[in-house]
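> next comes the sequence, and after it the predicted model I'd like to discuss.
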Amino acid sequence: MLSEVRFEGVHKIFGTETAVEDLNLTVNAGEFLVLVGPSGCGKTTTLRMLAGLERPSYGRILIGDRLVNNVSPRFRDVAMVFQSYALYPHMNVYDNLAFGMRARGAAGGLIAQQVKETAAVLGLGHLMKRRPSELSGGQRQRVALGRALIRQPQVFLMDEPLSNLDAGLRVQMRAELSRLHERFRVTTLYVTHDQVEAMTMGDRIAVMNSGRLQQVDAPETLYDNPANTFVAGFIGSPRMNFVPGRLTTAQGATAVEFLGVKAPLSSRAKLTADAAEGEVMVGLRPEDLMWRRAAAPESTLTISAEVDVVEPMGHEAYVTAVCAGETVTSRFPPRSGVRTRERIELALNPARLHLFDAHSGTTILQRPAAGGAELPRSVGEARIDEPAEGRSERHRQPQSRGMQSRTEEIS
Amino acid sequence: MSAVQARRVAAENLIVVPYRRVSVAALATNTLLILLGCFFLLPMLWMVFASVDSNPDWAIKLPTLTLANFADVLSRADALTSFRSSLILAGTTTVLTTVLALLAAYPLSRMHIPFKRSFMLAILFASGLPVSMLIIPVYQMYVSFGWLDSLYATALFLSASSLPFAIWLMKNFIDAVPVELEQAAAIDGASTFRILRELVLPLTVPGIAVTGIYTFINAWGAFIIPFVLTYSPDNQPGPVEIYNFMGSHGLFKFGDLAVFSLLFSLPVIVLYLFMSRYFSGAFNFGGAVK
Amino acid sequence: MSLAVAAGLGPRLDRERFQWSSLLMLSPALALLGVLFVFPVLYAGYLGFTNLALVGSRSRDYEFTGLDNITRMLGDYVFIKSSWLTIIFVVGSAIVGQTVLGMALAILLRNALVSVRVVIGSIVIVAWVLPEITVALVWYAFSQAGGTLSILLRQTDTNFLVTVPMLIVSLANLWRNVAFSMLVFSAGLRNLPTEVLEAAEVEGASAWRRYRLVVLPLLKPTIVTNLLLVTILNLSEFTLIYAMTQGGPGIETMTLPLYVYQEAFVFHQLGYGTAISLVLVLIGAVFSLLFVRASRSQV
């Protein structure tokens, strides 16, 4: 059974601290929604409220059409994977898996069969007699997952389930979790502080900061059209560069000045109503800020800068450079040969600019309505739309970039 | 010798530093400890030697081996009665205290209770109050209730006086059981009763054992409370009996006295050994929660 | 904004609910403590100001006598001496002896060979686990004329329980209770951050300096806790002293708990005995306050 989950105007206050403020969020039936944010942003509190471990201070929480504010965790029909796994230390793997079914009074035969099936799905078959203390971190993680899976609940809750695993295992489990979700399609709310987990696993991502929901969107939309500077800075690595700029209008043409250059916005660039001339915050992703010599033809703007630090990553390099008193990070092909103090030219595609209000930090580029009209791309046009086609384009990009850098090396 | 070789030799010279060596400090430490150990061992040793000596006196000496002292004590009716009384007194106290402490400690650890902090402070303060203060009003109360010279009534007061510390101890043990386990069980659909029976109880076993054994050891050795609240020879527990024995003819029967106190000490020593073993292995929370 | 705006949203939905089951689970303990702990404490507070006696007419028709018991105490030579003896006993045996020896044992055992640690540690702990009456007996035997101590000191005619009774009683008490402090300090040492000690060692501090300048300050909370517990436990020490000397010879070891017992159950002065026990509680409170103050002022 698939159920959607709704938070309606939910607040949670601890003492004088507001952990969650006026949260309105819907997790669609069968969806894998990742709740991401820095520690202390209220994401775990949100999850715990849905589990019934905390009661909201105000507002309503619904699972399906049922108001669950005052329903105890026992009767919510949710399953949860804890960050610490919370396996029962005095029971072996079998009993850990069977506990929930026994508590719900299932028949012995059914329990045995279900435990066996679940264990088989997770590859735990040979570990049934072991206690949690005799398992490795990854095995414990699987048992915790199995304890949730076996229940076939309406909603899965996962609280940073991968954060205690080492890097290699984390990548493996990430894929496994996605596969399990493909298979069972249970509505899932997944909490993490790791933006890579969020980007790779979520159908949609909800970004929270200081108790407030910032933006909810599909991973690519979130990446391409961040609603504010927080989301823009939080999603993406290395972090987006923020530099101050000025918005000017002369003879009906709007342009933005930053880092000593002036980028015209085409007439098609849609600015929000409250965008006014004057101070703005310009956001530039490092991969959009390229070495002139490796840049694509659309990157019409050229910025002169002095190299500060070069960080080679193997397949690429991040170059931190100073330009007009601002420090910006850009993505370089590997073995570019640039050195500290060297003067370089950076290229930028003006269509890739992000513009934010200088004070509130919210974007002043108009975001498209769902399934919005496709806009033709041309040089000098701020990109404001990212429908399905745009998504696929982004997937292709790294490849084409790779080819560029290869040609760069040869030349 | 090449440069490489030279470097290797130098490196070997640098690295070979014995990790463990017999230092003056280590020698002094262990010697000092052994001397201190003798200070602790000598008085006890007297009891052991005198108990199997046919002609003991106040000093430690190699015994002329005999089991007569044991036979003598074990044939005395008053000695056996006092064991029975001690068992009733300490057993009742332990069961009562442990059960009440467990019941009280759980809500104090987990549930919302108004003025919980003040209550715990009061509990801590109460466990520091001298029994000598409580014994007079309690004696007065027992006289009016007609409870004097009853082992069970005495155990009741013994329980009351050991309860504050037992609650405090037990609460610390329950606090150490991760709440997340109970939350996980609740989400798994378990009822409060099932959570208590299948999670809290088994996970608190070490705490229950420690609290119970601690209470038992104290109740087993309790002197002033039964000394004041019981009077008939049949109801005198071991400590009171040994005290009387010392006072009357014990000073001429060193052997019997030594046997009596040795036998009386054995249960608590065994219990302690059991408890320390219990601590060291068995339960490991490490695996369950990170 | 947050709280102010939230205040406009009506009543909070997450106020803590009192669960009746908690009261159900607490009630047996509360009942027992109420009847046989709280009530006796309050009752003692009243009896201390009466002339209640154990036998005779005053055992039934006792009355409130105001501050009579207090005035009597101030003129009572035995009470004054008893108070001093109590303080000497607690300071000597508990505060100085038990704390210093307990810490020394903890530190020594930590650095000892495993075999030595296990054997000596167990012996010390067994001394603590033994029933008090047994400790009283073995120390009685140890200190008699012709006992082991007299042989060791080559004074076989001396009964040390007569010549230096307070010292022997204090030593016996120290012998029995030091394991408690040792365990407290062992745990305290175990919880010290090892990096700090290693850092001090790397910097070349001698063992003595490491303990004095690094370990001791870090152990301060443990020391205060230990002092507090040890003082409170030893203040009410009765069985050991009573079984060894009954307060004698004369009144040389008559500490306050023994004096309370003697006044109440030997001289039948229950009211006066209770009043003395209240002074005992007062002394305990003063000591506790001093320690808590000291720990606050220097941290």
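That came in fine, so what should we check first?

> in chain B, which spans are helices?
B:3-15, B:24-51, B:68-74, B:77-110, B:116-127, B:131-145, B:151-175, B:179-187, B:192-195, B:201-221, B:224-229, B:238-247, B:254-280 (DSSP state H).

> next one: the stretch 1-150 of chain A
A:43-51, A:93-103, A:108-122, A:137-149 (DSSP state H, counting those that start in this stretch).

> and stretch B:238-252, what's buried?
Within stretch B:238-252, the residues that count as buried by 16 or more other C-beta atoms under 10 Å in any protein chain shown are B:238, B:239, B:240, B:241, B:242, B:243, B:244, B:245, B:246, B:250. Every residue, glycine included, has its C-beta placed from N, CA and C.

> swap that for stretch C:224-233, sorry
C:224, C:226, C:227, C:228, C:229, C:230, C:231, C:232, C:233.

> the second one against residue C:184, yeah?
This means residue C:226. Yes. Using C-beta atoms under 8 Å, residue C:226 is in contact with residue C:184, at 4.8 Å.

> quick one, what contacts residue C:261?
By C-beta atoms under 8 Å, 6 or more residues apart in numbering or on different chains, residue C:261 lies in contact with B:132, B:224, C:238, C:242, C:273.

> show me which of the residues you listed is closest to chain A.
Chain A has its nearest neighbour among the contacts of residue C:261 in residue B:224, at 40.5 Å by C-beta to the nearest C-beta.

> tell me how far the closest one lies from residue B:239.
Per C-beta to C-beta, to the nearest Å, residue B:224 is found 9 Å from residue B:239.

> what sits in contact with each of these two?
Common neighbours of residue B:224 and residue B:239 are listed as residue C:239 (criterion: C-beta under 8 Å, 6+ apart).

> out of the helices of chain B, nearest to chain A?
For chain A, the closest of the helices of chain B is helix B:179-187, at 4.0 Å, according to C-beta to the nearest C-beta.

> how about that closest one, does it reach chain C?
No. Using C-beta under 8 Å from any C-beta of the partner chain, helix B:179-187 never reaches chain C; the gap is at least 13.9 Å.

> any idea how far that helix is from the chain center?
Relative to the mean C-alpha coordinate of its chain, helix B:179-187 is positioned 32 Å out (C-alpha atoms, centre = their mean, to the nearest Å).

> and that helix, what other elements does it pack with?
strand A:78-81, helix B:192-195 (3 or more C-beta pairs under 8 Å, 6 or more residues apart in numbering or on different chains; DSSP states H and E).

> pull the residues that contact the last one.
Applying C-beta under 8 Å, 6+ apart, the contact partners of helix B:192-195 are A:103, B:182, B:185, B:186, C:21.

> dump these into TSV; add distance to residue C:33, pLDDT and neighbour count as well.
TSV is the format used below for these (distance: C-beta to C-beta, whole Å; pLDDT from 0 to 100; neighbours: other C-beta atoms under 10 Å in any protein chain shown):
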residue	distance to residue C:33	pLDDT	neighbour count
A:103	35	90	19
B:182	27	93	20
B:185	31	94	24
B:186	31	93	24
C:21	19	83	12
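
> let me know the closest of the residues you listed to residue B:28.
Nearest to residue B:28, judged by C-beta to C-beta, of those is residue B:182 at 51.0 Å.

> ok, now which ones touch residue C:140?
Applying C-beta under 8 Å, 6+ apart, the residues near residue C:140 are B:246, C:161, C:243, C:244.

> out of those residues, which are inside helices?
When the contacts of residue C:140 are checked against helices (DSSP H), the matches are B:246, C:161, C:243, C:244.

> please check those residues and keep the buried ones.
B:246, C:161, C:243, C:244.

> against chain B, how distant is the last one?
Read it as residue C:244. As judged by C-beta to the nearest C-beta, to the nearest Å, residue C:244 and chain B stand 9 Å apart.

> excluding its backbone neighbours, what's nearest that residue?
Closest residue to residue C:244 in three dimensions, ignoring its sequence neighbours and counting by C-beta to C-beta, 6 or more residues apart in numbering or on different chains: residue C:136, at 4.8 Å.

> isn't that neighbour up against residue C:246?
No. With contact defined as C-beta under 8 Å, residue C:136 does not count as touching residue C:246 (10.9 Å).

> quick one: which of the two has more around it?
residue C:136 (27 against 16; other C-beta atoms under 10 Å in any protein chain shown).

> name the helix or strand for the more buried one, please.
Element membership for residue C:136 (DSSP states H and E) is helix C:132-143.

> same check, this time on residue C:226
Element membership for residue C:226, per DSSP H and E: helix C:220-235.

> all helices of the stretch 1-150 of chain C, in order?
In the stretch 1-150 of chain C, helices defined by DSSP H, counting those that start in this stretch lie at C:3-7, C:20-33, C:39-47, C:68-74, C:77-89, C:99-111, C:114-129, C:132-143, C:148-152, listed in chain order.

> circling back to that earlier point, okay, the contacts of residue C:140 in a markdown table with pLDDT and distance to residue B:49 next?
Formatted as a markdown table, the contacts of residue C:140 follow (pLDDT from 0 to 100; distance: C-beta to C-beta, whole Å):
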| residue | pLDDT | distance to residue B:49 |
| --- | --- | --- |
| B:246 | 81 | 18 |
| C:161 | 87 | 21 |
| C:243 | 91 | 21 |
| C:244 | 91 | 20 |
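
> in the stretch 1-150 of chain B, what spans have low per-residue confidence?
B:1-22 (pLDDT under 70).

> tell me which residue of it lies closest to chain A.
For the stretch 1-150 of chain B, C-beta to the nearest C-beta, closest residue to chain A: residue B:112, 11.8 Å.

> contacts only, for that residue.
With C-beta under 8 Å, 6+ apart, residue B:112 has these contacts: C:16, C:17, C:18, C:19, C:22.

> what's the angle between the helix holding residue C:136 and helix B:24-51?
100 degrees (axes from the mean of the first three to the mean of the last three C-alpha atoms, to 10 degrees).

> ok, now which ones touch the residue most central in space within chain B?
For chain B, the residue nearest the mean C-alpha position is residue B:214 (3.6 Å; C-alpha atoms, centre = their mean). If you count contacts by C-beta under 8 Å, 6+ apart, residue B:214 has them with B:166, B:169.

> tell me how far it lies from residue B:206.
Remark: distance between residue B:214 and residue B:206 (C-beta to C-beta) = 12 Å.

> identify, from the buried ones among the ones in helices among the contacts of residue C:140, the entry nearest to chain A.
Checking these against chain A by C-beta to the nearest C-beta gives residue C:243 as the nearest, at 44.0 Å.

> contacting residues for the closest residue to that closest one other than its chain neighbours?
Distance criterion C-beta to C-beta, 6+ apart; nearest residue to residue C:243, sequence neighbours excluded, is residue C:136 at 3.6 Å. Residue C:136 makes contact with C:172, C:239, C:240, C:243, C:244, according to C-beta under 8 Å, 6+ apart.

> quick check: phi and psi at residue C:153.
Per-residue torsions, residue C:153: phi -90, psi 0 (degrees, to the nearest 10).

> no no, residue A:157
According to degrees, to the nearest 10, residue A:157 has phi -120, psi 130.

> which pLDDT does the model give the closest residue to it other than its chain neighbours?
Closest residue in space to residue A:157, ignoring its immediate chain neighbours: residue A:80 at 4.1 Å, by C-beta to C-beta, 6+ apart. pLDDT recorded at residue A:80 is 93.
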